[in-house]
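Engineer: With the sequence up front, the predicted model follows.
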Amino acid sequence: MCAATVAASGPRTVGHRGSSVGVENTREAFAEGIRRGYDFLETDVRVSADTCFVLSHDEDNSRLGGNLKIAEATLSQLRGQTLRQSRYGTEYTATMATLGEFLEQCRLGGVRPVIELKWGTGVNSNDCSLVPALIDTLTASGMRSQAVILTSMRPCLQYIRENYPDIALQFLGGATWRQHFAWADSLRLDLDIAHTYLDSADVARIHAAGLMVNTWTVDNPGRADTLVSYGVDFITTNRLPAEL
């Protein structure tokens, strides 16, 4: 199965943290995702000490060779450290990217952004005070109508649904996602479920409610084919072998 086949006749493809090329969540990874023809690019958003929206899956950059906590460092400090990552036998270096830069890259590349909200100052289950600024960033980029926001933080999703009903939202779920399905349905949230916790009956149930289902992170082509047979709407992947 290749990306073109999925995009043409089945689920839309979502490049996980961009792609498998380059340091995750950085310009090179996104550029490769655009080159591969993914329909969407996914990234992780956190908040720096100077309230910039930066792209990082982890709460610190130590896994990528740094020694800073995202919430305690300014954008300048974060950019001052070189990020390093070995992926599929190739070493890459990069600097941290911002949400605004990601959105611009998506706009120019003709792909839609999928934005996963990670716990950060003003963007968390107890405090949504910086969510309006995040939505303003989407609006200023011209990508508001194209963006999808996803998170496991239920209060953030509820806040966005109540205050910005036009924003496309997905509830991020793992092993316990079924316990939250009625709540997600009540807010008309699409689902983004770890593929190991998803079967054909689940997909049928989600579709019967009039919702869509995304599934992550799928790098095995056999498993991808199974998920296609279930009828999932999106497949999030680092890479599928036929893409390379």
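Structural biologist: Thanks, I have it.

Engineer: Please count neighbours and contacts with C-alpha atoms only from this point.
Structural biologist: Fine.

Engineer: mind checking the longest strand of this structure?
Structural biologist: The longest strand of the chain (DSSP state E) is strand 40-47.

Engineer: my guess is residue 10 contacts residue 233, does it?
Structural biologist: Yes - using C-alpha atoms under 8 Å, residue 10 makes contact with residue 233 at a distance of 7.2 Å.

Engineer: one step back: ok, the longest strand of the chain: who's next to it in the sheet?
Structural biologist: For strand 40-47, sheet partners with direction are given as strand 12-15 (parallel), strand 53-55 (antiparallel), strand 112-117 (parallel), following DSSP bridges.

Engineer: Could you export it as PDB, CA atoms only?
Structural biologist: What follows is the C-alpha trace of strand 40-47 in PDB, where atoms were taken according to Å, rounded to 0.1, in the frame of the first residue of the first chain:
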ATOM      1  CA  PHE A  40      -2.200  16.400   6.600                       C
ATOM      2  CA  LEU A  41       0.900  17.000   8.800                       C
ATOM      3  CA  GLU A  42       0.700  16.500  12.500                       C
ATOM      4  CA  THR A  43       2.700  18.300  15.200                       C
ATOM      5  CA  ASP A  44       2.800  18.800  19.000                       C
ATOM      6  CA  VAL A  45       2.400  22.200  20.500                       C
ATOM      7  CA  ARG A  46       3.700  23.500  23.900                       C
ATOM      8  CA  VAL A  47       4.200  26.900  25.400                       C
END
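
Engineer: Report the rounded mean pLDDT for that strand.
Structural biologist: When pLDDT is averaged along strand 40-47, the result is 98.

Engineer: So which bits of that strand are buried?
Structural biologist: 40-47 (16 or more other C-alpha atoms under 10 Å).

Engineer: contacts for it?
Structural biologist: With contacts defined as C-alpha atoms under 8 Å, 6 or more residues apart in numbering, strand 40-47 is touched by 12-18, 25, 30, 33-34, 53-57, 59, 70-71, 99, 106, 111-121, 123.

Engineer: Give the buried subset of those residues as a ChimeraX selection command.
Structural biologist: Paste this into ChimeraX to select the buried members of those, with burial taken from 16+ other C-alpha under 10 Å:
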select :12,13,14,15,16,17,18,25,30,33,34,53,54,55,56,57,59,70,71,99,106,111,112,113,114,115,116,117,118,119,120,121,123
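
Engineer: Including distance to residue 197, could the buried residues of strand 40-47 go into TSV?
Structural biologist: Compiled in TSV, the buried residues of strand 40-47 are given as follows (distance: C-alpha to C-alpha, whole Å):
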residue	distance to residue 197
40	22
41	22
42	20
43	22
44	22
45	24
46	26
47	30
